[in-house]
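In: Fold the stuff below for me.
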Amino acid sequence: MSLVLVVLAVALSLGWARGGSLDQLGTLPLRSRRLVVGSLFAQLLGTVVGGPLYPLGLAVSAGLVVWFLARNRGIRGTGLVALGLLGNALVVGANGAMPVSLDASARSGVGIQDLLTGADARHEPAGQDTRLRWLSDVVPVPLPLRPEVVSPGDVLVAAGLGQLVALGMVGAGATSAVLQRQGRPRRALPALPPRRAAPPTGRS
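Out: Residues are numbered from 1 along each chain as shown. Predicted structure coming up:
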């Protein structure tokens, strides 16, 4: 989560520096927004109930979000977010929880007490029997105030959201195909200055 917040803060700064605004970001032509609500409900239900419903709820949640992103694939950044969520859903579904590398935790400065005692049911220590270990939490993020360990999927999600925000704030978040489908005119490119004629050489 900390990585996503840092990336979003940088994206907002870049958007404002380029003359963008949050109002412009709100005009992105997103479709099927109810899928996001269903995704949040599925993930919340799995988290509250716990047990085998946690990976099932996460898988359903990720599936709904990927469906939403597929319907909005012309919005720049959604492809990276979809790939990241799909990767997280695969590794959690294969292991029943998100495996966490103890070595990466030590390098980032994250405490592992809850991980070792099983107090955190959503995570487990990665080991030799971990499936799809390369998709698990193996990336150390030693942030000063809130260090964490994230998965490659989390990195893709953060990158995709950053791209969506930074480009959406300046009105470049949607491809031309999406704008034409929504009946919006394409941005006109600036006209090139006329080419000057070559001066006469004086030769006959």
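
In: Dihedrals phi and psi, W67?
Out: phi -60, psi -40 (degrees, to the nearest 10).

In: That one reaches V36, doesn't it?
Out: No - W67 lies out of contact with V36 (C-beta atoms under 8 Å); the separation is 10.1 Å. All C-beta spots, glycine's among them, are computed from the backbone N, C-alpha and C.

In: Return the residues in contact with R71.
Out: 31-32, 35 (C-beta atoms under 8 Å, 6 or more residues apart in numbering).

In: Buried ones among those?
Out: Burial by neighbour count, judged by 16 or more other C-beta atoms under 10 Å, picks out L35 from these.

In: Out of the contacts of R71, which sit inside strands?
Out: Secondary structure defined by DSSP state E assigns none of the contacts of R71 to strands.

In: Can you add distance to L80 and pLDDT and give the contacts of R71 back as JSON lines?
Out: Shown next, in JSON lines, are these (distance: C-beta to C-beta, whole Å; pLDDT from 0 to 100):
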{"residue": "R31", "distance to L80": "18", "pLDDT": "84"}
{"residue": "S32", "distance to L80": "19", "pLDDT": "83"}
{"residue": "L35", "distance to L80": "18", "pLDDT": "86"}
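
In: Now render the contacts of R71 as a markdown table, adding distance to V81.
Out: Putting the contacts of R71 into a markdown table (distance: C-beta to C-beta, whole Å) gives the following:
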| residue | distance to V81 |
| --- | --- |
| R31 | 15 |
| S32 | 15 |
| L35 | 13 |
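
In: I75: which of the contacts of R71 is nearest?
Out: Nearest to I75, judged by C-beta to C-beta, of the contacts of R71 is R31 at 9.3 Å.

In: Correct me if wrong: that closest one contacts N72.
Out: Yes - applying C-beta under 8 Å, one finds R31 in contact with N72, separated by 5.6 Å.
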